[in-house]
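S.K.: pasting the sequence and the predicted model now:
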Amino acid sequence: MSYTDMQNKKIHQGRNIKRFREMLGIKQEALAFEMGDDWSQKKISLLEQKETVESDILAQVAKILKVPAEAIENFDEEQAVNIISNTFTSNDTSTLNAVNIQPTFNPLDKMVELYERMLQQQREMIEKLERLIEGK
């Protein structure tokens, strides 16, 4: 696939919503609850099947998932894999050195930060569900 073909390829925004939602460990029911009273698990499922999502809904989902709307609009898994595979296919030493570059941050710290953020989101979701059950 040429660069021009990749630029013209349609990004499936609904599938990207699903990817980000699943990466964050959020169920369709929980996302529907956050979206408001007129949303259900079924409606989220239908949303995730749409190739193009209305900009206001996309912005609302992005805010709930705490990701930039542009990430949902532009993420193309195939293109990302192609870029990575085309970047690191050679056996020359410059490519090998590029793979062995030491990060300027501790990857374990980043994983802990991500885990803590996910736990906090889970706590917030539990609190909201408890308030909903209690009828407040």
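M.R.: Arrived safely, thanks for sending.
S.K.: which residues of the chain fall in helices?
M.R.: 3-8, 13-23, 28-35, 41-47, 55-65, 69-74, 77-87, 93-99, 107-134 (DSSP state H).
S.K.: least confident secondary structure element in the chain?
M.R.: One helix or strand of the chain scores below all others by mean pLDDT, DSSP states H and E: helix 3-8, with a mean of 47.
S.K.: quick one, what contacts the most centrally placed residue in the chain?
M.R.: Centroid check for the chain by Cα atoms, centre = their mean gives Phe20 as the closest residue, at 2.2 Å. Taking Cβ atoms under 8 Å, 6 or more residues apart in numbering, we find Phe20 in contact with 65, 67, 71-72. The C-beta positions use only the backbone N, C-alpha and C, and glycine is treated the same way.
S.K.: out of those, who's the most crowded?
M.R.: Ile72 (23 neighbours; other Cβ atoms under 10 Å).
S.K.: okay, that one: pLDDT?
M.R.: Per-residue pLDDT puts Ile72 at 87.
S.K.: roughly how far does it sit from Glu130?
M.R.: According to Cβ to Cβ, to the nearest Å, Ile72 and Glu130 sit 29 Å apart.
S.K.: so where's this protein shaky on pLDDT?
M.R.: Applying pLDDT under 70 to the chain flags residues 1-9, 79-105, 136.
S.K.: let's see that with 50 instead.
M.R.: Scanning the chain for pLDDT under 50 picks out 1-6, 92, 95-96.
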